[in-house]
Structures are given as C-alpha cells and as structure tokens.
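Student: Dropping the sequence and predicted coords here.
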Protein chains: 2
Amino acid sequence: MAGMAKAVTLLDVAKRAGVSVATASKALNNRGDVSSATRERVTEVAKTLGFAPNELARSLLVGRSSTVGILTSDLDGRFALPILIAVEDACGTGELSVFLCDARGDEESEQHHLRALLSRRVDGIIVVGSRTEARPPLGHNLPVPVVYAYAPSDDPNDVSLVTDNVGGAVLAVRHLVSRGRRHIAHITGDRGYVAANDRVLGMNQALADAGLPLCGDVMFSEWSERWGREATAKLLSEHPEVDAVFAGSDQIARGVVDALHAAGRAVPEDVAVMGYDNWEVLATNSDPALTTIDLNLELLGREAAGYLLQAIDGQTLLPGVRHVPARVITREST
Amino acid sequence: MAGMAKAVTLLDVAKRAGVSVATASKALNNRGDVSSATRERVTEVAKTLGFAPNELARSLLVGRSSTVGILTSDLDGRFALPILIAVEDACGTGELSVFLCDARGDEESEQHHLRALLSRRVDGIIVVGSRTEARPPLGHNLPVPVVYAYAPSDDPNDVSLVTDNVGGAVLAVRHLVSRGRRHIAHITGDRGYVAANDRVLGMNQALADAGLPLCGDVMFSEWSERWGREATAKLLSEHPEVDAVFAGSDQIARGVVDALHAAGRAVPEDVAVMGYDNWEVLATNSDPALTTIDLNLELLGREAAGYLLQAIDGQTLLPGVRHVPARVITREST
DNA sequence: GAGTATATCGAAAAGGTTTTCGACGGAGCT
DNA sequence: AGCTCCGTCGAAAACCTTTTCGATATACTC
C-alpha cells in the first residue's frame, strides 16, 4: 500500500512544463496547434510525473463515459460466464470498461443495479440471463441502448441474442444418423424448460427428415447425472435395440455412459452417446470423451457486445431476437 | 431502445421547483438548512422528473468514485468465479460498483487494465489469481489500496488472502482416520503446483499425528479424471490393502471412484474416497456423492472485500498473507 | 516599412454536483 | 425604534478536462 501518492492533474504537468492547461491537453491528445517542441516537452513531463487523465472529468465533459454495464441474473450458472468473458473481451479492445452487476435473479436487485448503472452514466447495458425463457424488459424508454443475451426480452422491440436450440438438436441427430445409428433415444431434463422443448423440436424435425422414428418416448426429468443413469437403465430394459442416445445435457450424458458401462454396453461401439452444452470439464474428462453440441456462447457474447457498440455509435439496429448457431464437437463417444 | 430520453439534471428540478441548485441539492441529500416545505416540494419534483444524480460529477467533486476494480488473471478457471461473486456481493451492499477486468494471464494486459482503472479513479482494487503461487505485485506506490485474493503478492508489505491448503489436507486425513481408515493413499495433480505440495504437507502432518504411514508413495501427475483412473489401477495392484484414497481434486476423485467400481471395489465400504475443492457439479453428481474439502472461496472473497473497504475508509491494515480455513463437506463417499 | 498570412499559445466556458458563506427577511427583545 | 438572532435560501467556487476562439508574435510579401 505504502505511498498513496496524490493523483497528478493536468494542471501539474502544465505548470511544470511552463504552458497552460489548454496547450498541455492539446499536446497530449495530438490535437490542435502546438509546436512539436512543446509537445515533446509536455509529453516528457507527463511521463515523468506519471500523469493519467481523470476519466471522470473527461466523461463528464464529453457526455460519454466509455463504460458499459453487464447485468446478469445468475453468475453461478453455467451459461453466463462464457458470455461475460466474451463481452468483457470485446469491450476491452474497444477501450470500454465494464461494470459487473449480479442481480441473483432478484427483480428488485436488478432495478437497484439498473439505477446505479444509469447514474454512473454507462453508455449501454447488456443483460445476460441464465435460462432461455423470455424475460420482461429492463425498463421502458431507457436513456441508453440495451441488448439481451441468452435470455431474450419478451418485448419484440428489444434486441436479443439467443442460442439456436432447435438448430443444435438438428445437428445432433444428423451427426448420429451419419454415424449409421437407426435407433436413437432422447433423455433430457426438466420438461418445464423451453430449452428442453426446443431441442426435442429440432430432434423430431431431423428424425422426420431422415425417415426415422424415435426409439421410445422422450424421457424428461432433471438435469443431473443421476437421472441419466436411471433413465438409461429403464431405456435398456424397454428398448434393448437402442444404438444411440441423444442426451439433453452433458451432465445427463455422463450418467448415460456410466449406466451403459454398468450394463456392459460399449461406448460408442454398441451405443453412441451425444451430449449437449460442451461443458468442457464434463465432456473432456468423460471416458470416452463426449461428442457434444457447443452453444457458441463466446460468439454470442461477442456479437452482443458488437451490437451494443453499434447502438452506442448511434446506429439504430433492427429489433428482434437473433439466433446464433450451435456446432457439434466431435470426440470419442460417437 | 425507443426513447433515448435526455438525462435530467439537478438544474432542471431546481428550476421546476422554483429554487436554486444549491437548495435543491441540500433538499435531496437531507443536508443543510432547508425548510421542510421546500424539501418536500423538491423531492416531489425530483421523483416526477425521474432525476438521478450524475455520479460522474459527484465523484469528480468529492474525490471518490465509489467504484472498485476487480482484476482477474483467468476468469475461466474454477476458482476466480466464486471469489468474484462474493466480492461483487459485498461491494454491492456497500453501494460500490465494480469494474471487471480479465487480464487472461497476460502481464501487459494487466498493466493496461490497471491504467484504465486508475484513470477511472477507482477507490481500490482486488486482484484475484487462479493459482496459489505468489505473484509479483501490481505496482509500487499505487494511489489506491490493493488486496490480493487466492494468489498472494510476493511483496510482504501487501495484504493477501489465500486458502489454507495445508490445513485443508489435515482436515481431510483426520476425517478419514475418524472413519476408521488405516491405509490411506494420496493421488494428486501436478507436482509443480504449490497447492499440491501444500496439501501433501498437511497430509503428512496429520498422518504423523495419527501415527499412520502413507499407503504407497504420493502419486503426482495431472489434475484430470483420467489420471485418477490410471493411478487407482496402479495403486490397487501395488497396494491392494488400501482402504481410503485422498484425492488432490474432485476431478481426480471422480476418476478414482470410476476405477474403483471398475475393479469391483465398493465405495465407501471397501475404500473411502475424499475429494478436494467441492466443485459442486462434480462432487454432487458423483455416485456416490463425494465427501470433499470446501475452499471457502465465498468467505475469502467477502473478507477480501471487507479488508479493501476498511483500507478505503482510511484504516491502515497490517500487511501479510491471511489464510482462510477450509472445511470438510461430508457426503457419501466416506 | 507597412501590411497580411501563419504558427503557436492561453483565457474561458462547459459539463453537473456539493459545500461554504454571505444575504436577506422576519421574529423577538429592550 | 433599534438591535440581535435565527431560519432559509442563493451565489459562487471547486473538482478536472476539452474545445473554441481570440491574442500575440513571427515570418513573409510588396
């Protein structure tokens, strides 16, 4: 800690360099008319004094703070973090600093953070959700642009980015049929999640395209390994002919391969298993490593930041929800 | 997006209320001499106009921004996030907003972010690392207080908070011997990590206290499930009498129980297994669920924020590294 | 030498808020 | 009536930077 040196101001360097603050400012910003001699002198003094312009004053003057807010509803979750990282990255290269706010799923806390962000005069806000269900907008007539990531706004006038779950499921079953599988079962999570329903939608569509029936009924329950194990046991007894299971998440997929091994079925030789989410620690550590669907969350976050920057630049972007495509990550389980 | 309403200023509400900006300010801040009548009138006007004070101007004036920076070296990692969440939480209740910066382990990027934070006039900085090895300090003679979390600064004059890995390992083997285990083996990760070495330190200490030898040598390699499986197979062939394995991480522990099952050993009846980290998704989804050591990262983050707030308040805190104790989470694998 | 063009610099305003201090009016007292 | 005192309010400075525009000096042209 030690020094606690007083911050050095532009006036300090101006005095030290024997010029006015005006020319000092122009010298440091390569702007206006200033001789190269004094410019050098000023920059030299600024460096030795360790001058760093006070962004608060700058922002106040130019009416733009070069900050954005990220408002997340649940940082703990699996999906917010990659988006957060991508957004922070994209903003950082654009010389924007980001305020992080975690509302913990609390509506009241969210409004509290919103007020804080607005009084700090952020130039824009990205709200990232943890579920794919649509959410009410942050507010109406906000003084700054807002883009919604992962969880879309239910107001069609807002701009939202979401992952394409039906497209992802299509990719998944196409991959399985391309591997020669004909008896594909689907074990997934909570029937109350639109993510689960979107994926069965895509699956049915791709199955129909391939002229194949689903092996058994789709099995809903919870997003856990345990459910993957349970469901697989049941599946094997009722449909021993199954040669592929499409799991609704990597967690479930882990349970599936466990149960398959316990039943003496080889993966992928006897039955292939496909995960969803590309949760690295689960997918890569599995034995065999899981083929899975990657959500492209980094791309989603990057694009969200990109749209926000455009809006901050004054461009009006056309409203609606944009779907960013998923992609299959091929590993050893298929 | 829609409105883009112009931000309403204090002058606006003052004019509307028929007073000067000075009295308006005093009315809204419950300060100075102002009659209750005009106070009510001003607050009323402020509410209807939706006035929110410009924090930039406020900060500039009072010389304190009510913001802190979090500088992380690797957000991806397993350990930064819980700390980040706890810090954000603690700061939020203190009416501080937090700037998030992810340096991605790049020294240059870190300095870049540091400069940005300082020119934004943050009141303090928390730097959270992703490894337990000590790191060089952010800088010398910085104008704001800094506290280091998880990865300590190697300058003894700084204040750092780290997890107590040797204490955690002591708890782990005590737990195992309290379960009646006498042949305890240790499978852990990369020998180059001080975390790994600290834990064998604590383990040896607790083993000595209990008068027990280690079963076999400690097995170093990588922090993965695969290594857990490999090492277990080797262990079983060389030391079939083993009745407990203390794993250096939950990932390794998962591999251990897999291999144990494959070898026909029941967990925990035949051999107990203990994890480390309490990585929920791994530990709770395991079959059986893992008993493990929790790092208390939330507490660490909360305390880091607490110390920083004290320093910001002008208290000088005594330098050095503080160890926050771990705790055992008992589940079904022991 | 007179006049004009050019190069370089500085004074001042602006941004929105808080705080100090002086002004003003009315009430109470002698 | 004259005085003090208190309660309320407003003018202005301060925080630090950027930008505009006028001022000054130098060089150049005829």
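Tutor: Yes, it's here.
Student: When you work out contacts or count neighbours from here on, use the C-alpha atoms and nothing else.
Tutor: OK.
Student: give the contact list for the residue nearest to A:Gly50 when sequence neighbours are not counted.
Tutor: Nearest in space to A:Gly50, with sequence neighbours left out and distances taken as CA to CA, 6 or more residues apart in numbering or on different chains, is A:Val8 at 7.3 Å. By CA atoms under 8 Å, 6 or more residues apart in numbering or on different chains, A:Val8 lies in contact with A:Leu49, A:Gly50, A:Phe51, A:Ala52.
Student: Is the last one in contact with B:Ser119, as I believe?
Tutor: The one in question is A:Ala52. Yes. Counting by CA atoms under 8 Å, A:Ala52 does reach B:Ser119; the two are 5.8 Å apart.
Student: Which residues in stretch A:314-332 does the neighbour count mark as buried?
Tutor: Judged by neighbour count using 16 or more other CA atoms under 10 Å in any protein chain shown, the buried positions of stretch A:314-332 are A:Gly320, A:Val321, A:Arg322, A:Val324, A:Pro325, A:Ala326, A:Arg327, A:Val328, A:Ile329, A:Glu332.
Student: swap in stretch A:149-163?
Tutor: A:149-155, A:158-163.
Student: A:Phe246 falls within a strand, correct?
Tutor: Yes. Under DSSP: H, G, I helix; E, B strand; the rest coil, A:Phe246 sits within a strand.
Student: Could you pull out the strands in the stretch 101-250 of chain A for me?
Tutor: Along the stretch 101-250 of chain A, the stretches classed as strands by DSSP state E, counting those that start in this stretch are A:124-128, A:146-149, A:159-163, A:184-187, A:244-247.
Student: nearest to B:Glu133, of the contacts of A:Val8?
Tutor: Nearest to B:Glu133, judged by CA to CA, of the contacts of A:Val8 is A:Gly50 at 30.2 Å.
Student: confidence score at that closest one?
Tutor: We have a pLDDT of 92 for A:Gly50.
Student: out of everything not next to it in sequence, what's closest to the residue nearest in space to the middle of chain A?
Tutor: Taking CA atoms, centre = their mean, the centroid of chain A lies closest to A:Ile83, which sits 2.1 Å from it. The shortest distance from A:Ile83 to any non-neighbouring residue, by CA to CA, 6+ apart, is to A:Gly301 (4.4 Å).
Student: Check A:Ala283 too.
Tutor: A:Leu290 (4.8 Å).
Student: Point me to the residue of the stretch 101-250 of chain A nearest DNA strand D.
Tutor: Nearest residue of the stretch 101-250 of chain A to DNA strand D: A:Arg120, at 14.9 Å (CA to the nearest atom of the strand).
Student: For A:Leu214, grab the count of nearby residues.
Tutor: 17 (other CA atoms under 10 Å in any protein chain shown).
Student: err, A:Asp313, not the other one
Tutor: A:Asp313: 10 neighbours (other CA under 10 Å).
Student: Just list the residues touching A:Trp227, thanks.
Tutor: With CA under 8 Å, 6+ apart, A:Trp227 has these contacts: A:Ser221, A:Ile252, A:Gly255.
Student: Residues touching stretch A:263-271, excluding its own?
Tutor: In contact with stretch A:263-271 (CA under 8 Å, 6+ apart) are residues A:233, A:242-245, A:257, A:260-261, A:273, A:288, A:332-334.
Student: Show me which positions of that stretch end up buried.
Tutor: A:Arg265, A:Val267, A:Pro268, A:Val271.
Student: Centre of the chain to that stretch, how far?
Tutor: 34 Å (CA atoms, centre = their mean, to the nearest Å).
Student: Can you tell me which of the buried residues of stretch A:314-332 is closest to A:Pro213?
Tutor: Looking across the buried residues of stretch A:314-332 and measuring by CA to CA, the closest to A:Pro213 is A:Val328, at 22.1 Å.
Student: Wasn't the closest one part of a strand?
Tutor: Yes. The assignment for A:Val328 is a strand, going by three-state DSSP.
Student: give me the number of residues near the residue nearest to it when sequence neighbours are not counted?
Tutor: Of all residues not flanking A:Val328 in the chain, A:Ile293 sits nearest, at 4.5 Å (CA to CA, 6+ apart). Using other CA under 10 Å, the number of residues around A:Ile293 comes to 25.
Student: what residues does chain A put near DNA strand D?
Tutor: A:7-11, A:21-23, A:25-26, A:29, A:31-32, A:52-55, A:57-58, A:61-62 (CA under 7 Å from any atom of the strand).
Student: hmm, 10 Å instead?
Tutor: When proximity is defined by CA under 10 Å from any atom of the strand, chain A lies next to DNA strand D at A:6-14, A:20-34, A:51-62.
Student: taking those residues one by one, which sit in strands?
Tutor: Using DSSP state E, no member of the residues of chain A next to DNA strand D sits in strands.
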